[in-house]
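J.: Show me how the following folds:
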Amino acid sequence: MNAEGLDSFREFVDSRSSALLKTAVLLCGGDQHAGEDLLQNALVKAAGRWQRIDEPEAYVRRILYRQQVSRWRLKWRRREVSVAEPPEGGGQLGHSGDSAAAAELRVVMRAALARLTARQRTVLVLRYFEDLPEADVARLLGCSVGTVRSTTHRSLARLRALAPELAALGPADAEQQPSRDYSPVEVRP
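T.: Residues are numbered from 1 along each chain as shown. Next up is the predicted model:
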């Protein structure tokens, strides 16, 4: 890499590493060290091709997603993660600006995300943290849009089951509406 490329790479790392690290940590289930390793490996791969990259951030993010997919496919990486129980709170989490409630929310969310499978966690991070459309997530993960939809649905259901206190954060009306079945056949009990 020439001096100009090295300067542009350093500038990119300085300006975008914090946002990329947040994504990497979320992809790793809240494990800061694993997220740092994931980001470092992605940056090393990007540095080798830096002169030929048109969109550096998109390229590095794609490396992050694909490396995480590779990690969950390796059997030796599948291990149980011990997570401490969140502290008992004095009620439901609210929308207030209370820093204690925000900290409790982060603990609960991180614990719930860590208990999801790597694939479920990755789909949720891509859809809701990165705000990518289903088609882009499917392309990044190498699966169909239907698989992304079903994985998203199952992941959110499991997240709600693991951390029911997070339901208080969503719109109350949406949680109480019965699910609609649009199947052409009516089934009666």
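J.: Enumerate every residue touching the residue nearest the centre of the chain.
T.: Nearest to the geometric centre of the chain sits V125, at 2.3 Å (CA atoms, centre = their mean). Shown in contact with V125 (CB atoms under 8 Å, 6 or more residues apart in numbering): 23, 26-27. Every residue, glycine included, has its C-beta placed from N, CA and C.
J.: what do you get if the cut-off is 10 Å, keeping everything else the same?
T.: 22-29, 64-65, 68, 113, 132, 137 (CB atoms under 10 Å, 6 or more residues apart in numbering).
J.: For it, give me the pLDDT.
T.: Looking at V125, its pLDDT is 88.
J.: just A112 next, same as before
T.: So, for A112, pLDDT stands at 84.
J.: how about the nearest residue to it, chain neighbours excluded?
T.: Excluding its sequence neighbours, the residue lying closest to A112 (CB to CB, 6 or more residues apart in numbering) is A163, at 3.9 Å.
J.: what about that neighbour, how many residues close to it?
T.: A163 sits with 19 neighbouring residues when counted by other CB atoms under 10 Å.
J.: Which helix or strand contains A103?
T.: Following DSSP states H and E, one finds A103 within helix 99-115.
J.: Could you point out the helix or strand that follows that helix?
T.: Counting by DSSP H and E, what follows helix 99-115 is helix 118-124.
J.: in the helix ranked longest in the chain, what's buried?
T.: Secondary structure of the chain per DSSP state H: the longest helix is helix 3-27. Buried residues in helix 3-27, counted by 16 or more other CB atoms under 10 Å: 8-9, 12-13, 17, 20-21, 23-27.
J.: helices or strands up against that helix?
T.: When contacts are defined as 3 or more CB pairs under 10 Å, 6 or more residues apart in numbering; DSSP states H and E, helix 3-27 packs onto helix 32-48, helix 56-73, helix 99-115, helix 118-124.
J.: Nearest to H153, out of those helices?
T.: In terms of CB to CB, the element of the helices and strands packed on helix 3-27 nearest to H153 is helix 118-124, at 9.9 Å.
J.: Which residues are in contact with R149?
T.: R149 neighbours (CB under 10 Å, 6+ apart): 123, 127, 134, 137-138.
J.: Between all of those residues, which two are separated the most?
T.: With distances taken as CB to CB, the most widely separated pair in the contacts of R149 is R127 and A138, at 10.6 Å.
J.: Distance of W50 relative to L113?
T.: Distance, W50 to L113, by CB to CB, to the nearest Å: 32 Å.
J.: More neighbours: which of the two?
T.: Taking neighbours as other CB under 10 Å, W50 and L113 compare with L113 leading, 23 against 17.
J.: D14 versus the more buried one, what's the distance?
T.: Distance of L113 to D14, computed by CB to CB: 28 Å.
J.: tell me, how many neighbours does A157 end up with?
T.: Around A157 there are 11 other residues, counting by other CB under 10 Å.
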